[in-house]
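Visitor: Let's see this in three dimensions:
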Amino acid sequence: MKRTVGQRILRRLGDFAETLKTTGKISEKYTCRTIKLNLELEPYTPEEIRETRKVLNASQRIFAEFLGVSARAVQDWEQGVKPPHGSACRIMDEIRRNPEYWIKRLRELATPVDFIPRLDPPDPQIPATTRAAAADAGRVAAATRAD
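Guide: Residues are numbered from 1 along each chain as shown. As a prediction, this is how the structure comes out:
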């Protein structure tokens, strides 16, 4: 009778565990590879951050949302107050390596919202954050329609 995939996996895991127990040298019986990624982060200057954001044709608010940080963080980076760290730098590296992909990706994520006309003077009934978000969404929607 043919063994099921689950039975074969269990048998091989048992063999692996036995090898570890008896010899401790798994490389003598199994193919082992070590892979090292070159993931050193390059520091970003305020100008490089602004250029990266402009590649996407995004406002600070949209860029921040895309990176998963606050708009204030992007402002601080672009003004040289604080440097970006970790995953934000990694994503900016990838944006700079393949801008076409990330422009397309941002456009896929953009959801058109109802247009909220600018009111002069601004209507105090509409919160400033709603007006700003509508303006940002309009810019992304316009960039999406540009192609």
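
Visitor: which residues make contact with the helix or strand containing S87 from outside it?
Guide: Per DSSP states H and E, S87 falls inside helix 86-97. Here helix 86-97 makes contact (Cβ atoms under 8 Å, 6 or more residues apart in numbering) with 39, 41-44, 48-49, 52, 55-56, 67-69, 73, 84, 102. Placement of C-beta: from N, CA and C, glycine included.

Visitor: and what of stretch 8-27?
Guide: With contact meaning Cβ under 8 Å, 6+ apart, stretch 8-27 is reached by R3, K29, Y30, C32.

Visitor: Just flag the most distant two among the residues you listed.
Guide: Spatial extent of the contacts of stretch 8-27 (Cβ to Cβ) is set by the pair R3 and C32 at 25.5 Å.

Visitor: Where does pLDDT dip in the chain?
Guide: Within the chain, the stretches with pLDDT under 70 are 114-147.

Visitor: Show me it divided up by domain.
Guide: With domains defined by automatic domain parsing, the chain comprises 1-35, 46-145.

Visitor: would TSV of those with mean neighbour count be doable?
Guide: Shown next, in TSV, are those (neighbours: other Cβ atoms under 10 Å):
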stretch	mean neighbour count
domain 1-35	9
domain 46-145	15
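
Visitor: show me the contacts for the closest residue to Q60 other than its chain neighbours.
Guide: Distance criterion Cβ to Cβ, 6 or more residues apart in numbering; nearest residue to Q60, sequence neighbours excluded, is V74 at 4.5 Å. When contacts are counted by Cβ under 8 Å, 6+ apart, V74 is found next to I49, R53, Q60, R61, F63, A64, L67.

Visitor: ok, now G80?
Guide: By Cβ under 8 Å, 6+ apart, the contact list for G80 reads T45, P46.

Visitor: Tell me which helix or strand it sits in.
Guide: Residue-wise, G80 maps onto no helix or strand under DSSP H and E.

Visitor: Perfect, I'm done here.
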